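Undergrad: Could you look at this predicted model? Sequence included:
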Amino acid sequence: MNGASTGRKSLPIDPNTHEPLPPVRQPGYYPGYSTLAQQTFWDAKTRSVILHRVNHTPPIRFFDSEQAALMKAVCDRIIPQDDRDPAYRIPIVNYIDERLHEDKIDGFRYENMPADRDVYRLGLQAIDMLAQDRGGLRFVNLDARRQDEVLKSIHDGNAPAAQEIWNHMSIQRFWKGLVSDCASAYYSHPWAWDEIGFGGPAYPRGYMRLEGGEPEPWEVDEVRYEWQTPPDSLSDVYEPAGGDSEQKGHPGQGGTH
Amino acid sequence: MQSFAEQNRSAAATVEGEFQAIYDDIREGRFERGLALMAGLSSILSGLEVGYEHYRAGYGNPIMYSPVLLSGVLTGVGIWASFGGKAGRKALRITSAITLLDSVTGFCFHIRGIQRKPGGWRIPIVNIVMGPPIFAPLLFGTSAYLGLLGSYMRRGDAPESDNIAARQGAIGTNWKQELREGRFQKHVAAVTVFWSFFSGFEACYSHYKNNFKYKVQWTPVLLTPVLMATAAASIPSRTVAKKILPAVSIVTIANGSIGFYYHARGIVRRPGGLKKWIYNVMYGPPIFAPLLFAACGTLGLLASILRREPK
Amino acid sequence: MRRFRDTDEVDYCIVGVGSAGGVLLQRLSRAGFQVVGIEAGPFWDTERDWVSDEKGSHQLYWTDLRITGGEHPLSLGENNSGKGVGGGSVHWAAFAPRFHPSDFRVYTEDGVGADWPISYDDLKPYYELLEREIPIAGPAYFPWGDPHGYPYGPHPMGGVGNSLIRGCTKLGIRVSAGGPVAILSGSRGDRPHCIYRGFCIQGCKVGAKASTLITHVPNALESGGEVRDCSMASRIELGPDRRVKGVHYFDREGREHFQKAKAVIVSGYAIETPRLLLNSACPGFSAGLANSSGTLGRYLMAQAGNVILGRFDHLVRLYKAPPAHAMTEEFYETDPKRGFARGFAIQTVGPLPIAFAKQMMVAKGAWGWGMRRVMMDYNHWSSIAVLGEILPWADNRVELASETDQFGIPVAKVTFNLHDNDKKLIEFGKNKVMEVMWAAGAEDVVQEDRYAHLVGASRMGSDPETSVVDRFGRTHDIANLFVCDGSVLPTQGSANPGLTIQALAARTADYLISQGDRIFNSNSRDMTQPPIRYNLSPPGTFWKGMPRMT
C-alpha cells in the first residue's frame, strides 16, 4: 500500500556497520511492545474506534489520482516510513483525504488562508512547480534528495518559484498545516504508539507506575539502538521553520491546556 | 573490693534477672499493662497512617473519619489502662472491640471501593494496587487486638494463687482463663499467620507497583511465607514455636527496621525532598508500613514466649 | 427529564450549558424556577460517546468554522472551547486555582487593564462553596493569593510533576504538588477517583475529573430543569419594550424554533456569547444586542501558554498521570523589577503523541526523519507550561465574519495582537520556565509559543459606557438579559478561569433567586449583594471532604 513505487531505498544506516538497516515490522526502542495486544483492557467504544482505524483504510475520495500520487510522495518524505515493513506502513494520505472529504476542520481558519481543501489543492500545485523549477520533473519523479530539497525550501519559507501560490496563502501556514496533518495521521495509529512507547488507550485500566519512567507490567523497557538518517535525506536537521517574522509566529494548536 | 569482672557479672545477673522477670510475667500473662501501653502507642502509628491515607482520598465518605477518631480514643484509653485501673481495663476492652468492628467494616468498604473502580474486579491487579489498600483496615485492627488481649489478662500484681484458685473454680478451662494466664501461644501464632499475610501482601503489591526497582524490595515478600509457615507450624509443634519461631520473628523485625530506613531514605530522596516533607511522606514509600511488618515479627516473638494452651 | 414546549414561557432560558450554564441551570431549577438550557452540542453519554484516544476526541471541541487573525492569531477550537453539555469543563485539564485578590484591582494597582466591579471578598465564599461542590483536590495549604486549603487531598506525582518540583526546589521556588485540580483523589458517591491515565483533556470517561455534566447537570434535571441539546441558538428576540422575549434556535434537524422566556442568560463563552449578541442586532441595537457601549466583543483575552519541553536522560513517560498535577504561582503578582505589569504561573502539561508531535514541529522545526527520531524519544521528554496574564486590550476582539456556518449564521472573526507588556511578560515567563527545566536536569530544552483559555469580550463593570454587564452579569442595556460565563471577566490573572467562572455563576444565581419575580417584571436594578445560599448545592456535597483549614 505504500508507494515505494519506484522501489527506491532510503533506509536508515547502522553507524557501526555502515549498512542499511532492513525494514522491520516495528522500528523504535520498545521491541515486542504492542498496544493492540492490550485491547481486551480497553472499553468497547474505544476498541471499536481504534480497530476501525487499523482495519479500515479509508478510500481516497477527495484527491484525484494524480493528486493522491503526489500527496503520497510528499507524505513519504514528511513522515518517511522506509524503515517499516511495507505491510506495516501507516496510510497517512488516506487519513488526510478522509478529513478533507468530510471537510472536518480544527475549528478555525486563518484570515489570510483559504479553506483547508483549497490549501491542499494550491499547495500540491506549488510543490510540483518547485519540483519543475529544480529538476524539470514532477515531484513524484524526483529522487529522494531532490524531493527533500523541495520540501526544505518550503520549510525554510524560501520557495520563490511558486510565489504566485504564496500570494494566495502563507507558505509557513501551509507547511505547518501539512506537517501537522501528516503527524496527526501517523501518531494516531497504534503501530506508531508501539514505536514510541506510548501507552495507548487507558480506560478502564489506568496506570500504576506513574513515577521514574517505570514501565507498567504490560509495557516494555526501552532498548535503544543507534541509527543514522538515510544519506539522501535532508530532514534530520532541527531548525525552526523560516520565513518573514510576521508569518513565523505560529502558536501551537494541539490541545495541552 | 569487687573486681570489674565481678561487678559486670553481677550487673549482668541483674539485667538477666530483670529479663527473666519480664519473661516470666509474659509467660504467666502478667503483662496486661505493657500490652495496654503497646496497644495505645501502636495506635498512634496506625492512626497517623490511616489519617494521611484517608486525607489523600479526601474523606469522601464520612465513615472514613471513624478509624482516625477511634485510634485517638484507643491511644488515650490504652495509656489509661496501662496504669492498671479497673475502669481503664473495662474501657480498653470496649474501645478495642469497637475498633476491631470498625476495622472489619473498613475492610468491607475497601473491598467495595475496589469493586467500584473502573473495571472493578475484572482488572483485579491494577485495581488492588491503585484502589483502597485492601488489607490495611485489618492491619489497623492490630492495636485493638493487642488492647483486647491486654484487657483480658490478669493483672501484673495478681497473686500466684490466683492461678490455682481460678483453675479450681472452673472445671476444665475456658478461653478467658487461658488468656488470663498467658496460655495462648497457639492463638497468637495463628494470628501471626494472618497478620503477616496481610502485611506481606501489602509489601508485595506496593513493591510491585514500584516495579521491584531495588532487589531489597523482594525481602519482605520472600520472608512473609517463611514467617507464615513457621507460625503455622508452631500451632501443632511446640518445638517450632520455641526454637524456630523466635529466630524467624527476629529476622522479620530486623527486616522491618531496615525497610523503615530505606523508606525514610526514599522519602528524603524524592523531588523536593525534605522541603516538601509532608507531601513526600504521603506519596513517598509508606513510612509506617515496614514498622507494621516488623510488628508481625513482634507478634511472632510474643507467641514464642507465651505458654501453650493446655491440650 | 422535564420537557418544556416552545410556547411555554419559561422563567429563564440559558444559552450554553457549560461551566457557567451548568451551575446556573442547577441553582435556578433547584430554587424552583422553570429553566431551559439550550446547548449547541450533544448531551454526552460518557461511556458510549467518549473514547480513550487523542484523535477520536475531536468531537468534544468547538470545531465549527471561525476566522482568526491579527498579528498573533489565536488557534481556536481544540484547546479553548467545548461543544456539548459540560462545555469546556469536559475537556479542561482541570487546574482550579482561585484568582488572587490583586486580580480584582489591576487598574488601581498597576495602572493597566481594568478593575473588577467586585472584590475578591465578594467572590471568596463562592470559591469556598464551589471547591467543595466540584470538589477540588490540592494541598492543605496553598500559599499564594489568599492562602487557603483544599477539601480533597493532593494527587500523586507523575514524571512531569517531578521535574517541575525538582527544578523549582533547586531554584528555591515554592511549588504546589498534587493540585489544585478538579479531579477526585478519593472516590465520592458514584464518582470513582482518578486512575492516572492522562486523558483529561480528551474527556474523563472515569468520572473522576469534574465537569458540570457530572457535577451539576444531573441535579438540575432532578430539580426540574431541562437541557435541550443539539440546539444552536441563532438570535435573541427583543420586544418593543426593550425587554428580551426569548431565543431563536435550530434543532438537530435544522428546524428553527423560538423558545419564549421571561429572562435570558447567555453562557456561550468568550466567542459564542459576543457572536450571539452581535447576531441579535436589531433596531435600537444595530451594533449588537446590549452593545450601546460598543465594548461588546472587545477586550478578549487569552493567556500566554508557552510550553517548555525538556529532554531528560532518564525516562519520564509524560502520558501518565493527569496533565495537571503540579504548579507554582510564585511569579503571579507584579514585580516592578521585572519591567512589566502582572505575572504568570507555571504548570505541568502532558501532551499525548499527536500534540507532542505538533509541539516538536513548532519548537524544533522537526519533520521527516527528524520528526521520527525525536518522536522515538517521546518518553524522555517532560513538558511545563507558562500560564501568563495577557492584559485586556480593546483591539483584541470578536466580530462577525462574512462567512456563515451550516445554519447560515454568520461566524465569529477573532482578532488578536500582543502588546508590549504581554511580549515582555511572555519573554520573561518562558525564560524562567526554561531555567526551571534546566535546573530539573534536562539536557535539551526547547519551547513553543501558544495560548490557553479565552475570556473577556463581554466584560462586567460599573460604568455602562465601558462595559457590557453589571456586577451581577445583567446587561446594562436590557433588564432581563444576562451574560454569565468567562466572557464577563474584566481581567484574567494567571489562574485557569474554570473555577472562577463557576463561582461567578453561583453568585449570579444567588442574585437572581433573591430578586425573584422582579427580574421578570421590573426594569429597576437592585445592586445589593444577596447573602450566599448554602442550601442550593447539589445534594451530598456538604459533609464530604476535609474540614477547611483556613
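TA: Nice, I can see it.

Undergrad: Count the residues that sit near the residue in the stretch 351-500 of chain C that chain B sits nearest to.
TA: Nearest residue of the stretch 351-500 of chain C to chain B (CB to the nearest CB) works out as residue C:440 at 8.3 Å. No exception for glycine: its C-beta is placed from N, CA and C like everyone else's. For residue C:440, the count of nearby residues is 24 (other CB atoms under 10 Å in any protein chain shown).

Undergrad: and the residue lying closest to it once chain neighbours are set aside, what does it touch?
TA: For residue C:440, ignoring the flanking residues on the chain, the nearest one in space by CB to CB, 6 or more residues apart in numbering or on different chains is residue C:167 at 3.4 Å. Contacts of residue C:167 were listed using CB atoms under 8 Å, 6 or more residues apart in numbering or on different chains, and they are C:173, C:384, C:435, C:436, C:437, C:438, C:439, C:440, C:441.

Undergrad: what's the spacing between the strand or helix carrying residue C:167 and its chain's center?
TA: Secondary-structure assignment from DSSP states H and E places residue C:167 in helix C:159-171. On the basis of CA atoms, centre = their mean, to the nearest Å, helix C:159-171 sits 27 Å off its chain's mean C-alpha point.

Undergrad: Next: stretch C:378-396.
TA: With CA atoms, centre = their mean, you get 15 Å for stretch C:378-396.

Undergrad: Show me what counts as buried in it.
TA: By neighbour count on 16 or more other CB atoms under 10 Å in any protein chain shown, the buried set for stretch C:378-396 is C:378-393, C:396.

Undergrad: Tell me where chain B has strands.
TA: In chain order, chain B shows no strands, with DSSP state E as the criterion.

Undergrad: tell me which helix or strand of it sits lowest on mean pLDDT?
TA: helix B:160-169 (a mean of 48; mean pLDDT, DSSP states H and E).

Undergrad: can you give me the strands in the stretch 151-300 of chain C?
TA: Ranges of strands within the stretch 151-300 of chain C are C:176-177, C:226-228, C:232-238, C:244-250, C:256-266, C:300-304, based on DSSP state E, counting those that start in this stretch.

Undergrad: Export the ones you listed to JSON lines and append columns for mean pLDDT and mean neighbour count.
TA: Formatted as JSON lines, these follow (pLDDT from 0 to 100; neighbours: other CB atoms under 10 Å in any protein chain shown):
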{"stretch": "strand C:176-177", "mean pLDDT": "93", "mean neighbour count": "28"}
{"stretch": "strand C:226-228", "mean pLDDT": "96", "mean neighbour count": "22"}
{"stretch": "strand C:232-238", "mean pLDDT": "97", "mean neighbour count": "22"}
{"stretch": "strand C:244-250", "mean pLDDT": "97", "mean neighbour count": "22"}
{"stretch": "strand C:256-266", "mean pLDDT": "96", "mean neighbour count": "23"}
{"stretch": "strand C:300-304", "mean pLDDT": "95", "mean neighbour count": "27"}
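
Undergrad: The ones you listed: which one's closest to chain B?
TA: That would be strand C:176-177 among these, by CB to the nearest CB, at 4.6 Å.

Undergrad: so what does the closest one touch, helix or strand wise?
TA: On a contact count with 3 or more CB pairs under 8 Å, 6 or more residues apart in numbering or on different chains; DSSP states H and E, strand C:176-177 meets strand C:326-328.

Undergrad: ok, the strand it packs on: who's next to it in the sheet?
TA: Strand C:326-328 pairs in its sheet with strand C:176-177 (antiparallel), strand C:344-348 (antiparallel), by DSSP bridges.

Undergrad: picking up where we left off before, can you tell me which of the contacts of residue C:167 has the most neighbours?
TA: Within the contacts of residue C:167, most neighbours by other CB under 10 Å means residue C:384, with 30 neighbours.

Undergrad: Check which helix or strand that one maps to.
TA: strand C:381-388.

Undergrad: Filter the contacts of residue C:167 down to the ones in helices?
TA: Per DSSP state H, helices hold the following members of the contacts of residue C:167: C:435, C:436, C:437, C:438, C:439.

Undergrad: From residue C:331, how far off is the second one?
TA: This points to residue C:436. Residue C:436 sits 11 Å away from residue C:331, going by CB to CB, to the nearest Å.

Undergrad: swap in residue B:80?
TA: Residue B:80 sits 53 Å away from residue C:331, taking CB to CB as the criterion.

Undergrad: Neighbour count for those two, which is higher?
TA: Of the pair residue B:80 and residue C:331, residue C:331 is the one with more neighbours under other CB under 10 Å, namely 23 against 18.

Undergrad: ok so, going back, check which helices and strands the strand holding residue C:384 sits against.
TA: With contacts taken as 3+ CB pairs under 8 Å, 6+ apart, strand C:381-388 sits against helix C:159-171, strand C:300-304, strand C:307-311, strand C:344-348, helix C:353-364, helix C:420-439.

Undergrad: Reformat these as TSV; add distance to residue B:216.
TA: Shown next, in TSV, are the helices and strands packed on strand C:381-388 (distance: least, CB to CB, whole Å):
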stretch	distance to residue B:216
helix C:159-171	22
strand C:300-304	47
strand C:307-311	31
strand C:344-348	31
helix C:353-364	36
helix C:420-439	31
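
Undergrad: Not counting residues beside it along the chain, what's closest to residue C:500?
TA: That would be residue C:99: by CB to CB, 6+ apart, it lies 5.4 Å from residue C:500.

Undergrad: In which helix or strand does that neighbour reside?
TA: Going by DSSP H and E, residue C:99 is not part of any helix or strand.

Undergrad: neighbours around it, how many?
TA: If you count neighbours by other CB under 10 Å, residue C:99 ends up with 25.

Undergrad: Next: the one 10 residues further on.
TA: Counted by other CB under 10 Å, the residues lying close to residue C:109 total 16.

Undergrad: Equivalent analysis for residue C:5, please.
TA: Neighbours of residue C:5 (other CB under 10 Å): 10.

Undergrad: Next, it: secondary structure please.
TA: What DSSP: H, G, I helix; E, B strand; the rest coil gives for residue C:5 is coil.

Undergrad: Could you list the low-confidence segments of the stretch 201-311 of chain B?
TA: Scanning the stretch 201-311 of chain B for pLDDT under 70 picks out B:310-311.

Undergrad: one step back: for the helix holding residue C:167, C-alpha coordinates in CSV please.
TA: Below are the C-alpha coordinates for helix C:159-171, written out as CSV (Å, rounded to 0.1, in the frame of the first residue of the first chain):
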residue,chain,number,x,y,z
GLY,C,159,7.1,12.3,35.7
VAL,C,160,6.3,15.8,34.6
GLY,C,161,5.3,17.0,38.1
ASN,C,162,8.5,15.5,39.4
SER,C,163,10.6,17.6,37.0
LEU,C,164,8.7,20.7,38.0
ILE,C,165,9.2,20.0,41.7
ARG,C,166,12.9,19.1,41.2
GLY,C,167,13.6,22.2,39.2
CYS,C,168,11.7,24.6,41.5
THR,C,169,13.2,23.2,44.7
LYS,C,170,16.6,23.6,43.2
LEU,C,171,15.9,27.2,42.4
